[in-house]
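**Student:** quick check, what structure comes out for this input:
(one chain, ligands or ions: 2)
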Amino acid sequence: MVLVLCESAMHLQRDNLKNRFHGKNLWHLLIIIVAIQSSVFGDNADLFSSISDTERLFEIEIQFSRDIVTYVEALENHAKAIRKYVDLAYPEGPLKDVPDKEAFVANPLNSFGMVKRLGPHFLDHDMANLLADQTLMELQTKLSNNSKVFPTASNFEEIVISLSLLQETYQLNSSDLADGFITYDGQKYQSDFRLNPRDMMEIGIGATNSGWWDNGIRWFQIAEQKQRNSTDVVFSKILAQKVREGTIYHDKLLDQRGQFGATHRCFPVPFDKKLKKKKKYKKVKQNVNYIREKILQQKLFHAEIPSQVKKAMSFDMCSNGVREWRTPEHDRRLRCAFIHHQDPYFRLGPFKVEVLNETPFVSMFHNFMHDAEMDHYKDYAKPNLARSVTGLADTQARVQTRTSKQAWLAERWFTFNITEASASTIPQNNDLSPPPLPFEPMKYAVDLDVPGANVARRIKYATGLETERPFSGESFQIANYGLGGQYQIHLDGLGFFDGQINPHREKTQFKHNNAVGDRLATFMAYLTDVEAGGHTVFPLLGVSAKPEKGSAIFWINLHTTGKRDELTIHGGCPVLVGSKWITNKWIYSNDQFQKLTCPLSESEARYPVLQRWLDNGAAFIHEMNSRTNVVIVKLLCILSIVAIASVLGLSENEIPRQTDQQLLDAKMKVHAKAVERQIKFLDNFIDTYYKDYNFTEEDAHEYVSNPINTYMLIKRTSLEWPKLKQILFNDAMDKEYEDILKLADSLSQK
Ligand SMILES: O=C(O)CCC(=O)C(=O)O
Ligand SMILES: [Fe+2]
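**Tutor:** Ligands and ions are numbered 1, 2, ... in the order given. Predicted structure coming up:
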């Protein structure tokens, strides 16, 4: 933590950012905020890094709560000490089974309650020893076996810190939390668990330990208020002391080191009345909003800012969304499209794509995964989940920046023997040469996991990138986030083409990337909805994707040079309520050489994916609509010209015999005929296809889930519409119409 701060301070000096910005304190403040944010991950943060494990623990706890209550009954005489624990942990008897355990433990307050019962309470009462002393062997063995997987004291600290992080990120109201509910995006999530004053004190301590003195003291105060009429005088005194000492320490910190410091954040004014009178507190304006305004002054699409600022932007987008970041200009080219890449099969059922950012390209494939596939991925991963690691293969380390668990699903294997193959292909004189491939590697392909192989193939069809060959991508990574689980901002590429992999130190990795290149693209599918939080954000693009079960986000990580595109930095926001499952398919660059054209010049820094898709058969919904509107407006215009002419009773004979007017008349007649033809076709089209068509956007999901509807939709849009289009959009007619307008204009001027 200290190191991070020193490094950032050096960064600051090096970049001499102060000269670039008027608000000299801004960067300092930003760093402080982010530094405080990044201090929230303690060590040993293993148990709750996946919701799946939490769920398992809860199942064990349900059994445990039954056994322990029976046990207590049987050992009445010896139970005094044990009862103390039970009374505290399970005051209302054994826990009730709940049908949806995942949802139960996904609520941070429920998880908090559970860890508390099984962590510190369990330890405080020396439960492990007490249990070992007892005679009811069977029950005893059961209980102690189950309790082996219970969390430790540091897990408890971790969960307190996670709650503080969530409160911080999503600006959760302390009193609401105390009453067991969380408000997010106008929605209330209720928990069965109520925080008691002791819990509030714990969370307050967690917040102050993380440097958030304002939140911490607020917790102490609420706890003290709730405790006021309690008969537990001793604890009331402890709390009163906490508030007193906390506020004194707070004031000292504020007065000596300001509202924000490297490891702290205070209220803008002190509690002490005398101190408050100091001049400097009279005109205090600096508050959290003030800092936010400063962050919002950042411009998108600039990679050359310190990483702390990127983190601050990402934090803001997780907390407040991206509405205040992107402008209409940024969104101008965003569309939704049906994509089929000229494939007859996908013409019938095209991919539904939403473009989230054009360059660098980020998009969302809606309804991409099938339910059975998602269940398979999760079921496969559950027994194989291990704490997430990042980094190069040779130096992998468990990280604090990513609190999730992951498993790998290998969908395909190639049975060729590299040594044999190499004898006939590439001479192995250089140790760092890439592993060679036999002439027809696909002959050696064996599908290890059929759903996985199907998804990989579908990704190929959807993106137009190669995913099935030996070096075209990684196995599927499946990840599950736990309470407050997040993935801080990062680039997916390893930086092979930026020289980030040392051929001698990380030899294996170097050889591997020498063969495959780097992670050109990420295809990341959401395997669950997330009730609250957990968005994927791209802070430099102002993009925030809401996890939507079955949808997949796809983006390009590399420049055409192979170097990493810094603008694609992204992260996963903390999960507030719910369980977040994702699967990643990283697509390597070297195998795409036949799929992606090489850049013709240095200036073609980024792959124009959107253009390629357009060229290969993408029907853009917006574009189609606006074009239709233009035609209809035009038709109405022409019709009204014709109508006005007839209302005025300008019959052929009555029109003055002036040449210009004759010409106009003749042209209008021809044109009117053509327009009538268009109307006839249009009428027929509407009659046939849109007569009983009164759907709204809300029906879309259900509508396209029916294959016949989808078939009709595709038929209308891919076969019938082009026919009508030929009649409606006619260059010769457009020209005629322009002539008519010009002629009419010149006549009216005369
Ligand atoms: O969880 C997310 O939304 C992002 C995950 C991610 O970026 C990754 O796995 O590389
Ligand atoms: Fe990522």
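**Student:** hey, let's count contacts and neighbours off CA atoms from now on
**Tutor:** Fine.
**Student:** where does the stretch 301-450 of the chain dip in pLDDT?
**Tutor:** 387-402, 417-436 (pLDDT under 70).
**Student:** hey, where'd the strands end up in it?
**Tutor:** Counting by DSSP state E, counting those that start in this stretch, residue ranges of the strands within the stretch 301-450 of the chain are 336-339, 351-357, 362-366, 386-387, 389-390, 397-398, 404-409, 412-414, 445-447.
**Student:** Arg265 is nearest to which of these?
**Tutor:** In this view, the strands of the stretch 301-450 of the chain are compared for proximity to Arg265 by Cα to Cα, and strand 404-409 is the closest at 27.6 Å.
**Student:** just checking, what packs against that closest one?
**Tutor:** In this structure, strand 404-409 makes packing contacts with helix 371-381, strand 386-387, strand 476-481, judged by 3 or more Cα pairs under 8 Å, 6 or more residues apart in numbering; DSSP states H and E.
**Student:** contacting residues for Thr536?
**Tutor:** Counting by Cα atoms under 8 Å, 6 or more residues apart in numbering, Thr536 makes contact with Ser544, Ala545, Lys546, Pro547, His570, Gly571, Gly572, Cys573.
**Student:** verify the contact between the fifth one and His490 for me.
**Tutor:** So that's His570. Yes: shown here, His570 and His490 form a contact pair, counting by Cα atoms under 8 Å, at 5.6 Å.
**Student:** tally of neighbours for the nearest residue to Arg194 once chain neighbours are set aside?
**Tutor:** If you skip the residues right next to it in sequence, Arg194 has Gly180 as its closest partner in space, 5.0 Å away by Cα to Cα, 6 or more residues apart in numbering. Taking other Cα atoms under 10 Å as the criterion, the count of residues near Gly180 is 19.
**Student:** tell me which residues of stretch 559-574 come out buried.
**Tutor:** Of the residues in stretch 559-574, those with enough neighbours to count as buried (16 or more other Cα atoms under 10 Å) are 559-560, 562-574.
**Student:** and Ser544, that's in a strand?
**Tutor:** Yes: counting by DSSP: H, G, I helix; E, B strand; the rest coil, one finds Ser544 located in a strand.
**Student:** how about the residues of the protein by ligand 1?
**Tutor:** Within the chain, the positions near ligand 1 by Cα under 6 Å from any ligand atom are Asp492, His535, Thr536, Gly571, Gly572.
**Student:** how about the last one, what does it touch?
**Tutor:** Read that as Gly572. Residues touching Gly572, when contacts are defined by Cα under 8 Å, 6+ apart, comprise Gln486, Tyr487, Gln488, Ile489, Gly534, His535, Thr536, Val537.
**Student:** could you dump the strands of the stretch 301-450 of the chain into a markdown table with mean neighbour count added?
**Tutor:** Written out in a markdown table, the entries for the strands of the stretch 301-450 of the chain read as follows (neighbours: other Cα atoms under 10 Å):
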| stretch | mean neighbour count |
| --- | --- |
| strand 336-339 | 22 |
| strand 351-357 | 21 |
| strand 362-366 | 23 |
| strand 386-387 | 19 |
| strand 389-390 | 16 |
| strand 397-398 | 14 |
| strand 404-409 | 24 |
| strand 412-414 | 17 |
| strand 445-447 | 15 |
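**Student:** where's Lys280, which helix or strand?
**Tutor:** With elements delineated by DSSP states H and E, Lys280 resides in helix 279-282, which encompasses its position.
**Student:** just the buried positions in the helix or strand following that helix, please.
**Tutor:** Tracing the chain C-terminally past helix 279-282 and defining elements by DSSP H and E, one meets helix 288-296 next. Under the neighbour-count criterion of 16+ other Cα under 10 Å, helix 288-296 has Ile291, Ile295 buried.
**Student:** so what does helix 288-296 touch, helix or strand wise?
**Tutor:** For helix 288-296, where contacts count as 3+ Cα pairs under 8 Å, 6+ apart, the packed elements are helix 26-38, helix 307-320.
**Student:** one more pass at 7 Å, please.
**Tutor:** Under the contact criterion of 3 or more Cα pairs under 7 Å, 6 or more residues apart in numbering; DSSP states H and E, the helices and strands touching helix 288-296 comprise an empty set.
**Student:** out of the helices and strands packed on strand 404-409, deepest packed?
**Tutor:** By mean neighbour count, with neighbours taken as mean count of other Cα atoms under 10 Å, strand 476-481 ranks first of those at a mean of 26.
**Student:** hey, C-alpha coordinates of the helix or strand following that one in PDB?
**Tutor:** Sequence-wise, the next helix or strand beyond strand 476-481 is strand 487-490, with elements assigned using DSSP H and E. Written as PDB, here are the backbone C-alpha positions of strand 487-490 (Å, rounded to 0.1, in the frame of the first residue of the first chain):
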ATOM      1  CA  TYR A 487     -11.800  -7.000 -10.900                       C
ATOM      2  CA  GLN A 488      -9.900  -3.800 -10.800                       C
ATOM      3  CA  ILE A 489      -9.000  -2.200 -14.100                       C
ATOM      4  CA  HIS A 490      -6.500  -4.000 -16.300                       C
END
